[in-house]
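> here's a sequence, model it:
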Amino acid sequence: MTRIDEASWTRSLLVLFGEGMFAAVGARRHGDWRCDALDVMRLATADPRGWPRRVCAPGGGMYPPGPDGPFGAVVPTDVARVFPVSRRGAEQIVVTLQGDWFRMDDIPDFSAGEAGSLSRAHEVLGRFGEDALFFTNAVSARSDPHADMFRREGAYEGFTGHIMDCGVIALSAAEVGVFWGFTPRLNAPARPPRAAWGRGKPVALPARRPTGADRAGQALSSLAGTDRAGQALSGRHSSVVAERASG
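Next up, the predicted model:
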C-alpha cells in the first residue's frame, strides 16, 4: 500500500468533506477502541500526527467539541451498533457521503468523477495501513461486509439527532478515525416521502435534494488545525485484532 503523507491526506479531505460533514482522527489510548472512537466524535483528542481534520458545520463554521457537537448524545454502547465492512465498502461509503442523502444520484456527475473520488477515499483510509479494520452504521453491512456499498439500502443505525447519518470508523493499532455525514436535523421543516430507517425508527428520505457547493473549492484555511488494537465487534474481527495486539 502506498504511504500516505500529510499533503495527500489534506487534498483528499478538502475534496471529499465539506459542510455538514465530519472527518477526524485520534490516538488509541483506551483498552476499548469504542472509547477512542467516542473521544474522536466528541473532538476530545487531537490528531496524533498533527494532520488537519475536517469538521465543518452547515454554514461554514466548525463543529464544537463535547455535548454541543453532532455526536453529543453518543455513548460507548451506541458505537457497538456498527458493523464490520470491507475496505472497498468503506471507501464507497466515504464517497457517497458527498450526497446529501448518501446516494450516488445526489452527487453531480458521479459517473465522470467516480474513479477520482474512490482514489481520494483510498488515500483518506490508507493512513490506517494494510491491517486496518473498518466499521459502518449502514445496515447493508450487517449481513454482508463485502456488499457493494454504492447500491446499499438506505437504512442506518443512527448516531445523532439528524434525520439520518452515515459513516465509517477506521481502526488501526495506533489510531482511530471517524468519517461521517449528516442530513438535516429532525426538527428541519422538510419531510421526505420515502420510508427509510434511522436510529431504529422509520424516517423519511426525499426523492432527491440538490447537493451543496463543490467540496474541492473549500479553502484550506477552514481545516481545524497507544494502545494496541482492542476488541472488535464481531468474533472474526476480534480474533484478528487480538492476533495483531499480541504480535
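> which helix in the protein has the most residues?
As assigned by DSSP state H, the longest helix anywhere in the chain is helix 110-126.
> so for that one, what's the average pLDDT?
Averaged across helix 110-126, the pLDDT comes to 84.
> do the same with stretch 178-186
The pLDDT scores in stretch 178-186 average 80.
> what's the answer for stretch 44-63, then?
Mean predicted confidence for stretch 44-63 is 92.
> other residues contacting it?
Residues outside stretch 44-63 that contact it (CB atoms under 8 Å, 6 or more residues apart in numbering): 6, 9-10, 13-14, 17-27, 29, 36, 39, 43, 65-66, 69-70, 174-175, 218, 222-225. Yep, even glycine has a C-beta here, placed from its N, CA and C like the rest.
> now Pro84: which helix or strand?
strand 83-85 (DSSP states H and E).
> output the contacting helices and strands for that strand.
Secondary-structure packing of strand 83-85 (3 or more CB pairs under 8 Å, 6 or more residues apart in numbering; DSSP states H and E): strand 133-136, helix 140-143.
> count of residues packed around Ala80?
Counted by other CB atoms under 10 Å, the residues lying close to Ala80 total 12.
> quick check, it in contact with Cys35.
No - in this structure Ala80 lies outside contact range of Cys35 using CB atoms under 8 Å: 11.4 Å.
> residue contacts, Gly181?
20-22, 97-98, 102, 165-167.
> any idea how far Cys35 is from Thr77?
11 Å (CB to CB, to the nearest Å).
> the two: which is more packed in?
Taking neighbours as other CB under 10 Å, Thr77 and Cys35 compare with Cys35 leading, 16 against 8.
> for that one, what are phi and psi?
phi -70, psi -40 (degrees, to the nearest 10).
> how far away is it from Phe83?
From Cys35 to Phe83 the distance is 19 Å (CB to CB).
> return the most buried member of the helices and strands packed on strand 83-85.
Most buried of the helices and strands packed on strand 83-85 by mean neighbour count (mean count of other CB atoms under 10 Å) is strand 133-136; its value is a mean of 26.
> for that strand, give the mean pLDDT please.
96.
> by contact count, what packs against that strand?
strand 83-85, helix 87-96, strand 165-171, helix 235-246.
> list the neighbouring strands of that strand plus their orientation.
strand 83-85 (antiparallel), strand 165-171 (antiparallel) (DSSP bridges).
> need the winner for burial among those.
Using mean count of other CB under 10 Å, strand 165-171 ranks as the most buried of these, with a mean of 26.
> got the angle for that strand vs helix 110-126?
Calculated by axes from the mean of the first three to the mean of the last three CA atoms, to 10 degrees, strand 165-171 forms an angle of 40 degrees with helix 110-126.
> can you count the residues close to Met104?
15.
> I'd guessed it sits against Thr96; true?
Yes - applying CB under 8 Å, one finds Met104 in contact with Thr96, separated by 6.3 Å.
> common neighbours of these two, please.
Phe150.
> still on that earlier bit, and the contacts of Gly181, which is closest to Asp148?
For the contacts of Gly181, the minimum distance to Asp148 (CB to CB) is 14.1 Å, reached by Phe102.
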